[in-house]
Each structure stands twice: as C-alpha cells, then as structure tokens.
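Undergrad: the sequence and its predicted three-dimensional model are supplied below.
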Amino acid sequence: MAISTLEKPKRGKEPINWRYTFRQMRKQWSAYLFLSPWFIIFAIFTLFSVGFSFYLSFREWNILEPAKPFVGLDNYIRLFQDAQFYQSLRNTLLFTGFGVPLGMASALLVALLLNTKVHGQSLFRTLYYIPVITPLVVSAVIWKWMYQGDYGLINYYLLKLGLIHEKLLWLADPNLAMPALIVMGVWMGTGGTMVMYLAGLQAIPEELYDAAKVDGANGFQRMMYVTIPLLAPTTFYVLITSIIFSFQSFAHIYIMTNGGPLGRTTVIGYYMYQTGFRHFEMGYASAIAYILFAIIFVLTMLQMKFVKGDVQY
Amino acid sequence: MRKERSLVWAVMALLAVASMLIASCAPQATATQAPAATQAPATEAPAATEASATEAPAATEAPAATEAPAGAMDPAQFSPDIKVPDEQITLTFASWVHTGEADDAWEVMAKEFHDLYPNITIEFQDIPSEEMHDKLLTQIAANNAPDAAYIDSGTLGEFGLRGALVKLDDFISKSNVIKTDDYLPAFISAATVEDIYYGLPIDGETTGLFYRTDRFQEAGLDPNKPPTTWEEFQADAEKLTDVANKKYGYAVFATDYESSYYFLPWLWQAGGLVLNPDDPNDVIVDNEAGKKAADFYVNLKKYSPADLLNSNSYDGRTAFANGDVAMYMAGAWFAGTLLSEFPDATGKWAAAPLPQDQKCATTVASDDLVVFSGSKHPEAAYKWIEFVSAPDHMRELNLGTPDNPSTLLPPRQSLLNDPKTYENREVLKGFADAMKCAFIEPAVQPKYYVVDEALYQNLNKAFYGEFPDGGTAMEAAAKQAEENLKKP
C-alpha cells in the first residue's frame, strides 16, 4: 500500500513528460509520417490482434454462436485437463528438440564449408538458400511426393541402394511421420541459419587465426578455441529464433500429414487451428495461443539467463 | 525558405505514405479480400452519383427492354412480389463452381440475370471448395460475408443453426418457380433446419462405386459385372490387389473426418445407425450391425494402398484415375471430374451402385444456395438464387457444357424424370436410380461433431492396429461420444 501512495506523485508528472515527447516528435514529424504505414499495419494486424485474442481467451467465443459469454479461466483450466493438448505439446517438444539442434548443426557445417574458398561459392550459397525463399506450400507438396511410399523418390533411391528392403511409409507410419517432418524442417531451415553463421564467421578477425597458428594450434583446435567461442553471439541468436519458429510450425504439417497419423504430428500450432477453425472455439484456441506464448517466453528467458551470449576469450 | 522546404517534405512524405498504402492494400485486395475491398469503390460510388440521373429511368424501362427479344424471360415468371432494388447494386456470390471462362454456365447465367434485372450485378468470389468453409467463417466473424453463396449442405446446417443465414420460407411462398414439392425430400431435408428453409438445393449426388474396367479385365473379372454384395465386393478386391506390383483393390483413409465419412454407407447397409432414432444422445454404433460393418470396413485396409491411410480422398481419386486403385467410392460429381480432368482414363472406368448387405444405402450429398444474414440486399440475393434454380437453369448448371462436363443430379423430380437430363450423361442414370437408397440418419444431434470425432478417432486407431478389430473400436467410439456429449 505504501508503495502505491509513493508512486502517485510520480504519476502526476506524466502529462508533462508526454507533452515533452510530443514536442520532440513534432520536430521530426515527417519521419513519423514515413513510419506510419508500417505502424498502422502493425497496430491493426499485430497489436490489436494480440490484445483481442487475450480478451477472447476468457470467453466462450464461438464464431457462429451469437452468445459469447465470459467464462473466466475456464479455457485455461480445460487446457490442463485436455489429453489432446498434452499430446500436441509433446509433439511440439519432439519436433523442436530434434529439429532445432539438427538444423543448427547442419547450418554451421554448411557455413563452415562455404566460408572456405571453394569453387562456385556463391552458387552453393544460393542453392542452400533456395529452400528459404521457396514458398512453404510448394516445398511441402514436393516433399509429400518425395516421401510417398510407392512412387516417392526417397524410397526409390533407398531401395535401389539396398539401404532398405521394403518400402517405408514415411508419412503414413505413426512412428516415421514425425522424423520425416523433422528432416524436412532441417532442410527448410538450414539456408536461413547458414546465412547468419556466414555473417558471424566473417566477423571473426583473421588475426586471431594467425595468432593461433603461430601458437601451434591445429585446425581442430582453431575451430574449438577460436571459431566456436567467437560464434557464440550468433549461436545464441539463432537458437532463440529457431526455437520460436519451430514452436509455431503449422503450414507444412497441415499439407503433409494433417496432424496424423493418429495425431502423432499434431503440433500446438495445428491443434490451435483445429480448435479455432474446425471446432470454432476461438476462445479456447486463443487460450492455447497464450499458453504457447508463455512457453516460448519462459524458454527464451531461461536461455537468456543460462546460455551466455557474450564472447568469452 | 525553411517553411517551404518543410512543406515540400510534408507533401513528399504524404505522397510516399499514400503510395505505400495503395501498394500494400492493392495486392491484398485482389488476392484475398477481393469482395469487400473491391466492391465498395466499384458499386457504392456509381450508385450514389448515377442512381438519380441515369439508372432511375433504366429501372422503369427495364421490363420493356427484356421483353423485346422473343422467348426472353420475364420477371413475372419468377417472383414479382419480391421487390427489386430501385438503385444499382452489386451482389457478391461465393462459390467454387464458377470458372470465369466465357462459356461457363454460371457466367452466362449472371449475364442473363443482369439483363432481366438491370439493377443487380453479380460479382463472383471464387473460393476453392476446401477453403470455402473456413473462409466464410472468417467473413461471418468479420461481418463481411458475401450476399449469397453456394455451400454444401453440411455447412448449411452448421451456419443455419447458428443464425448466419436468412430464412427463406417467406421468399419461397412468393415465388413462382420454387415449388418445394418438385424437390426430392432428401434434398429438402438437407436444405432445412428444423423445417425452416435456409437454402435452395441446387445440385445433389448419391455415392456410388467407381471401378476400373481395364483392371477388372486384367484380374479376370467381368467388367460388366461389378460387385453387388459385400461378399462379391471383398472377393473382387482380393483379386484386384497385388501389393508387390502396386495394384490395389480399394482405398480407405485413416484420417480425421474421412474415415468416418466413408464408413457411413457400410454402417447403414448392415442395418446399423450412428444414433438411436429415439434418443440422439444414445450412440449405437456398438450394436451388432455396427460392429459387423466396422470389422468389414477396417479389414478393407488389406486391399488399400498403405500410403493413402494418412492421406486424403483427393489422393485417393488420383490413384483411381491413374489405375492404381481399382474400385473407389465417390459421389456422382467424380464422374465429371474424371471426364474433364482425366480424359486418358475415359473408357477405362464405369460406375455402379454401392454393393449391398442387409439393404441398399448410400450417402446423399447436396449443395445449396444460401443468403447470408449480413446481406444488405436479401431480396435481390434471393432473386439471384431463385433465378439459377429455375428448372432449365438448374439442368444447365448440373450437366455443364461439352467442354466442361459436370455430372451432378438436379434435385428436382421433374428433371430427374426427364430423359433429356441423361443425354450424353448416361453414367448419371445409375446415380439417379440410387436415390431410392438415399439414407439420412433419422436422429438430429446438434453436437454431431462430437460423435463424428469419436467415430473417426477410433476408426483411425483400428486402421493403425491399436484395436484388434473394427468392432472393438466401435465400443470405444460409442463410449467416448456419449461421455463427450454429456459435457457442457
């Protein structure tokens, strides 16, 4: 209580601050005008939507039903008793837990290779980046064909090489569908992460390698004691963004498996779509969205705390 | 000097903002939100400015203009008691059947309609069928629904029950062309909710068995003798299946919605029902007939491409068109798709009624024309759906053109009994005859999706071997559905 009384006089000063801010803004108002298109769009499609969905999460908000009663925390309580939600959470953790480290490792590997002076360097960089600029839907449809059991390219070559003796039902086998999606996710994500690693690699001063060479460090030691520590800020950034993206996966799952077989690939994003657009329960879907937000938020905070992003020499 | 410069800046900034807004809105407008965004400038403006000056006389002259050509339509044929707007309006009509080509029957009809009622212009919103439901749902939520739409009767039930559609009974009673006793009862019940009309049935279909005559010959079966009983069906499927050579007898899906949808005809043929006719909260798929049907259905997995288990009927139809799958259950419309999209397969397939068990039973599906509650011009929108429902128009829409054949059943008895309907569309006759086997669950359960969910989830588990057989899955499904129905 004491705190709030202490704060009150401070609040009284706010209008003056605002006026000061506005005055400052008016000096540069054309700059704000230039910014306004983005800001207006951001305000409507992001700020407002985020706020409105928070409001929805406390209501039984069925699109078609005229009555949209306030239900308090019911949606959130129901969530913690929903077996399908837990399954989707588990699937998301699997997808992220395997997909993100694999994706980062492959991106680092590709970046290291492309950072050396290979022939056709820029061609390879482009090739590895193509999956990023290919529309997700196109990639998903192509991968669906490649994974096809009877006619898919992947089975064709695996059988031809004698690696398997019987066709594998990549997307129709409950135990294979998730790994298949993870592999495809790695393929999709490598290019973007690779570019960031390349930037990070190029920021490492050449002198450090020279100094290491003088000290007698071999290639592996230079990698372990120069490259990897100096890439820490990049790795940290990539880790956070990859996890966030991975948690939000939806489109390729929607196209390739529809969350099946037996819900084994129903990730949170897909479950949210199902509740919102198949069962029309927008309030419940919003509650899922907010739990997803909370999970990502906590994960990111933990990473900020425990994964050191600063360079250590 | 300074002031001038800041003025120049301001103008430039404004221009930049304006152009960016235009640039950022324009593609969106055409690509996604076409109706709402483009409709406003196109129609509202002329209506406001021209209505008084030019259109007013046009409205009065209109009858004269349309009566002039011999045999032309007369508004009195339709519903003279329903008022025509006295200013220019544009109606948006959402469908997945309009192609926009010059000979497209819908396009032609919209022109004829505009000639008859010069104040009303139809603007088509083309939405792929698989996106229709979600798209309309978002439009309704955004208070931005089209005036009228072509939707499947499942969606009609869902939207009608929740007040999103206009009740049509009053309009129908004033109409000279919509005579409800001409429509087949099965289609009427699909267009009504609790005896209130929310739509006009525009096309219908029964489900039949498509089979590959070439594959039948290869397997030593008589291509003129499709299976008529479950036993024959299973024996044929067995002969048609050669997994090593990627040849399959049939196709089943273990995916949400589809596994239950394709189960229903088998269930009904065995004499089973999903719901107790006297108590919609009693799920009876676990009785003798239900278990027998589920066992039979789940067992068909043996004759089906394993890949398709987690795929969808779209892939299933492609597999049939390519000859990988020899028998396939689908609605009459699939014949039209085969004719127009897979001309190479013509002559290699035929259609037959579904095999029977205790009795014959087939799913009927239909599409309806509806008017949305949010429409500003419900009368005009009704006039449009009434116009295309006139017998000649309905036949034209259901049979398509030679280049663009369509094979749907007109839901009017007068058309179904008319031999002219089957000219060049002989395949349609069998589907029309199957109307006598049309079956609809007698009990109405507003929360049927809860039952459906239990049904497909457990059927899927049975397909993936998590239940020893279909019958056990039915016990689990009935239990799960009844429990979930009790939840608020």
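TA: On my side now, so go ahead.

Undergrad: for the rest of this, base every contact and every neighbour count on C-alpha atoms.
TA: Will do.

Undergrad: quick one: low-confidence parts of the stretch 1-150 of chain B?
TA: B:1-72 (pLDDT under 70).

Undergrad: can you map out the strands along it?
TA: B:89-95, B:120-126, B:148-152 (DSSP state E, counting those that start in this stretch).

Undergrad: outside of the first one itself, list whatever touches it.
TA: So that's strand B:89-95. Outside strand B:89-95, the residues within contact range by Cα atoms under 8 Å, 6 or more residues apart in numbering or on different chains are B:35, B:39, B:43-44, B:47, B:119-129, B:132, B:146-151, B:377, B:380-381.

Undergrad: what pairs with that strand, and is each one parallel or antiparallel?
TA: Counting by DSSP bridges, the strands paired with strand B:89-95 are strand B:120-126 (parallel), strand B:148-152 (parallel).

Undergrad: out of those, nearest to residue A:99?
TA: strand B:120-126 (37.9 Å; Cα to Cα).

Undergrad: once you drop chain neighbours, what's closest to the residue nearest to the spatial centre of chain B?
TA: Chain B has residue B:152 as the residue nearest its centroid, 3.6 Å off, counting by Cα atoms, centre = their mean. Using Cα to Cα, 6 or more residues apart in numbering or on different chains and skipping the chain neighbours, the partner closest in space to residue B:152 is residue B:367 (4.1 Å).

Undergrad: same check, this time on residue A:80
TA: The nearest residue in space to residue A:80 (Cα to Cα, 6+ apart) is residue A:86, at 8.0 Å.

Undergrad: now for the helix or strand hosting that neighbour, which elements pack on it?
TA: Using DSSP states H and E, residue A:86 sits within helix A:83-115. Applying 3 or more Cα pairs under 8 Å, 6 or more residues apart in numbering or on different chains; DSSP states H and E, we find helix A:83-115 packed against helix A:121-133, helix A:177-202, helix A:232-247, helix A:268-273.

Undergrad: contact partners for the residue nearest to the centre of chain B?
TA: If you count contacts by Cα under 8 Å, 6+ apart, residue B:152 has them with B:365-368.

Undergrad: and if we set it to 7 Å?
TA: Listed by Cα atoms under 7 Å, 6 or more residues apart in numbering or on different chains, the contact partners of residue B:152 are B:366-368.

Undergrad: in helices, which of those residues appear?
TA: Within the contacts of residue B:152, no residue falls in helices by DSSP state H.

Undergrad: which stretches in the stretch 301-450 of chain B count as strands?
TA: Counting by DSSP E, counting those that start in this stretch, the strands of the stretch 301-450 of chain B are B:327-331, B:349-352, B:362-371, B:438-439.

Undergrad: just to revisit the earlier point, any idea which of the contacts of residue B:152 has the most stuff around it?
TA: With neighbours set by other Cα atoms under 10 Å in any protein chain shown, the maximum within those is found at residue B:368, which has 25 neighbours.

Undergrad: so that one bridges to which residues?
TA: Under the criterion used (DSSP bridges), residue B:368 bridges to residue B:151, residue B:201.

Undergrad: that one and residue B:202 touch, don't they?
TA: Yes: between residue B:368 and residue B:202 there is a contact at 5.2 Å, judged by Cα atoms under 7 Å.

Undergrad: how about TSV for the strands paired with strand B:89-95, with distance to residue A:252 added?
TA: As requested, the strands paired with strand B:89-95 are exported to TSV (distance: least, Cα to Cα, whole Å):
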stretch	distance to residue A:252
strand B:120-126	24
strand B:148-152	27
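
Undergrad: just name the most buried of those.
TA: strand B:148-152 (a mean of 25; mean count of other Cα atoms under 10 Å in any protein chain shown).

Undergrad: once you drop chain neighbours, what's closest to the residue of the stretch 251-400 of chain B found nearest chain A?
TA: In the stretch 251-400 of chain B, the residue that lies nearest chain A is residue B:310 (4.8 Å; Cα to the nearest Cα). Residue nearest to residue B:310 in three dimensions, not counting chain neighbours: residue A:172, with 4.8 Å by Cα to Cα, 6+ apart.

Undergrad: show the pLDDT at the closest residue to residue B:105 other than its chain neighbours.
TA: Leaving out its chain neighbours, the residue that sits closest to residue B:105 by Cα to Cα, 6+ apart is residue B:397, at 6.0 Å. Confidence at residue B:397, expressed as pLDDT, is 90.
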